[in-house]
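Chemist: Need a 3D model of the sequence below.
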Amino acid sequence: MTETQTAFHATTILAVRRYGMTAVAGDGQVTLGNTVMKATARKVRRIYDGKVICGFAGAAADAFALFDRLEARVQEFRGNLLRAAVEVAKDWRTDKYLRRLEAMLIAADADHLLLLSGTGEIIEPDDDLLAIGSGGPYALAAARALCAHTDLNAEEIAREAMRIAAGLCIYTNEQLVVETLP
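Modeler: This is a model prediction of the structure:
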């Protein structure tokens, strides 16, 4: 890979819903090649007066474009996250510009935990756990184990699973942003 082709690698986003609480956690690391470019990036944000939490992974500009589109749709549909996600997914599949975006989003509100994929799909997990990004598989495995073998709440599971992922994935650090919904 030449220097101009070196890709940014980054991100582990984990969402956990348990005992009536939802937590979305994201690490802060942005890596270019084998260099950490930033340790405190904020990849988890609240929208719609704090009632929806989103985490994004992928190419930064693409992720922001999709995040902005989802935020606009959530506003348009007065907080109806599922309807907004369906409209963003439709746009993603049909718009020539959006089809080229390389990003994924996790979005959560009081009723839904959703993954919006780069192929325009919407996935709602069976087990109330979602993870994306380079460290996603590690965080998801850790969260599943913690759910099966502990009584920790959603935020505690998200923090511990992210810590475990950071110990395994070189593109994940322990500089976490964790947002919760009761």
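
Chemist: CA only for contacts and neighbour counts going forward, please
Modeler: Will do.

Chemist: At which residues are the strands of this structure located?
Modeler: Read by DSSP state E, the chain holds these strands, from start to end of the chain: 8-10, 12-18, 21-26, 30-32, 35-38, 44-47, 52-58, 103-108, 113-116, 122-123, 129-133, 177-181.

Chemist: Out of the ones you listed, indicate the one that is most buried.
Modeler: Each of the strands of the chain was scored by mean neighbour count; the highest is strand 12-18, a mean of 29, by mean count of other CA atoms under 10 Å.

Chemist: Direction included, what does it pair against?
Modeler: Each strand paired with strand 12-18, and its direction, by DSSP bridges: strand 21-26 (antiparallel), strand 129-133 (antiparallel).

Chemist: Any chance of a markdown table for these, columns distance to R163?
Modeler: Supplementary listing: these in a markdown table, determined by distance: least, CA to CA, whole Å:
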| stretch | distance to R163 |
| --- | --- |
| strand 21-26 | 11 |
| strand 129-133 | 14 |
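
Chemist: Just put those in TSV and tack on mean pLDDT and distance to D109.
Modeler: Shown next, in TSV, are the strands paired with strand 12-18 (pLDDT from 0 to 100; distance: least, CA to CA, whole Å):
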stretch	mean pLDDT	distance to D109
strand 21-26	98	8
strand 129-133	96	14
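
Chemist: Minimum distance to A161: which of the ones you listed has it?
Modeler: For the strands paired with strand 12-18, the distance to A161 is smallest for strand 21-26, at 9.5 Å, taking CA to CA.

Chemist: Tell me which helix or strand in the chain has the weakest average pLDDT.
Modeler: Sorted by mean pLDDT, DSSP states H and E, the helices and strands of the chain end with strand 8-10, the least confident at a mean of 57.

Chemist: returning to what we had before: which among the strands paired with strand 12-18 is found nearest to A59?
Modeler: Counting by CA to CA, A59 lies closest to strand 129-133 out of the strands paired with strand 12-18; the figure is 10.5 Å.

Chemist: Off-centre distance for that closest one?
Modeler: 6 Å (CA atoms, centre = their mean, to the nearest Å).

Chemist: Kindly report the same for stretch 24-39.
Modeler: Stretch 24-39 has its average C-alpha position 14 Å from the chain's average C-alpha position, going by CA atoms, centre = their mean.

Chemist: May I have it exported as CSV, CA atoms only?
Modeler: Taking C-alpha atoms only, stretch 24-39 is exported to CSV below (Å, rounded to 0.1, in the frame of the first residue of the first chain):
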residue,chain,number,x,y,z
VAL,A,24,-23.6,2.7,23.6
ALA,A,25,-19.9,2.8,24.0
GLY,A,26,-17.2,3.9,21.6
ASP,A,27,-13.4,4.0,21.9
GLY,A,28,-11.4,7.1,20.9
GLN,A,29,-8.6,5.8,18.7
VAL,A,30,-8.0,6.8,15.1
THR,A,31,-5.1,5.0,13.4
LEU,A,32,-3.4,5.7,10.1
GLY,A,33,-1.3,2.8,9.0
ASN,A,34,0.7,1.8,12.1
THR,A,35,0.4,5.3,13.7
VAL,A,36,-2.2,6.4,16.3
MET,A,37,-3.4,9.8,14.9
LYS,A,38,-5.8,10.6,17.7
ALA,A,39,-6.7,8.9,20.9
